[in-house]
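**Q** have a look; sequence and predicted model below, questions after that.
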Amino acid sequence: MRLSTLFSGLLLAASLDAGEFTLRSHDLAGQLTKTQEFSGFGCNGSNISPELHWSDAPKGTKSFAVTVYDPDAPTGSGWWHWVVFNIPSSVTSLPSDFGNTSKKQPLSAVQSITDFGKTGFGGACPPVGDRAHRYFFTVHALNVDHLDLDEKATPALVGYMLTMHTIAKSTLVSYYGR
């Protein structure tokens, strides 16, 4: 009886200590705003990427990647709005407007092309009158220090590499309609 009580206590302590890989944002809520709306393709938002921060990455995390994906885009395959990888494991946040590749950023991560055909953040821009689209902001904990890709890598290629190297991920979902 004492052994089972001790074992149960150890399991409880281990689960309380483990934490859960979590993505949060001071800028995002259930709905995106004009701040995160694209500027172009008929949209006139500010196209500013939101602040993102994460905690409790699993052991073995050697780097991170962040993606933003809209599965509701009328393309048959969704739409990649942001692809960032080779974020060092010591980094646990991206500041607002990090996705603006025309600004010098303090972090040497790679922002590859999106389905807009450009690098950096491309905000929400669903068709007028379409139902609100879902935007999946995901941080991936990777088991490699870096992906051997550059800013010309397509979202599909980066996605393949992320699938091969992701050990955990956390996602925030926001909606936007026009």
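**A** Now that the structure is in, tell me what you want to look at. Numbering: from 1, shown residues only.
**Q** now do the end-to-end distance for stretch 114-127.
**A** Using CA to CA, to the nearest Å, one end of stretch 114-127 lies 18 Å from the other.
**Q** please read the previous query as pertaining to stretch 45-62.
**A** So stretch 45-62: terminal residues 35 Å apart, CA to CA.
**Q** now do the buried residues in it.
**A** Across stretch 45-62, burial judged by 16 or more other CB atoms under 10 Å covers 45, 47, 48, 49, 50, 51, 52, 54, 57, 61. Glycine gets a C-beta too; all of them are placed from N, C-alpha and C.
**Q** from these, which land in helices?
**A** Of the buried residues of stretch 45-62, none are assigned to helices by DSSP state H.
**Q** pLDDT and distance to residue 82 for these - can I get that in TSV?
**A** Listed next are those as TSV, based on pLDDT from 0 to 100; distance: CB to CB, whole Å:
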residue	pLDDT	distance to residue 82
45	98	14
47	98	11
48	98	12
49	98	7
50	98	10
51	98	13
52	98	10
54	98	15
57	98	20
61	98	20
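**Q** OK, contacts around residue 120?
**A** 49, 82, 99, 100, 101, 102, 111, 114 (CB atoms under 8 Å, 6 or more residues apart in numbering).
**Q** can these go into JSON lines with extra columns for distance to residue 154 and secondary structure?
**A** What follows is these, written out as JSON lines (distance: CB to CB, whole Å; DSSP: H, G, I helix; E, B strand; the rest coil):
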{"residue": "49", "distance to residue 154": "20", "secondary structure": "coil"}
{"residue": "82", "distance to residue 154": "14", "secondary structure": "strand"}
{"residue": "99", "distance to residue 154": "17", "secondary structure": "coil"}
{"residue": "100", "distance to residue 154": "21", "secondary structure": "coil"}
{"residue": "101", "distance to residue 154": "17", "secondary structure": "coil"}
{"residue": "102", "distance to residue 154": "21", "secondary structure": "coil"}
{"residue": "111", "distance to residue 154": "13", "secondary structure": "strand"}
{"residue": "114", "distance to residue 154": "9", "secondary structure": "coil"}
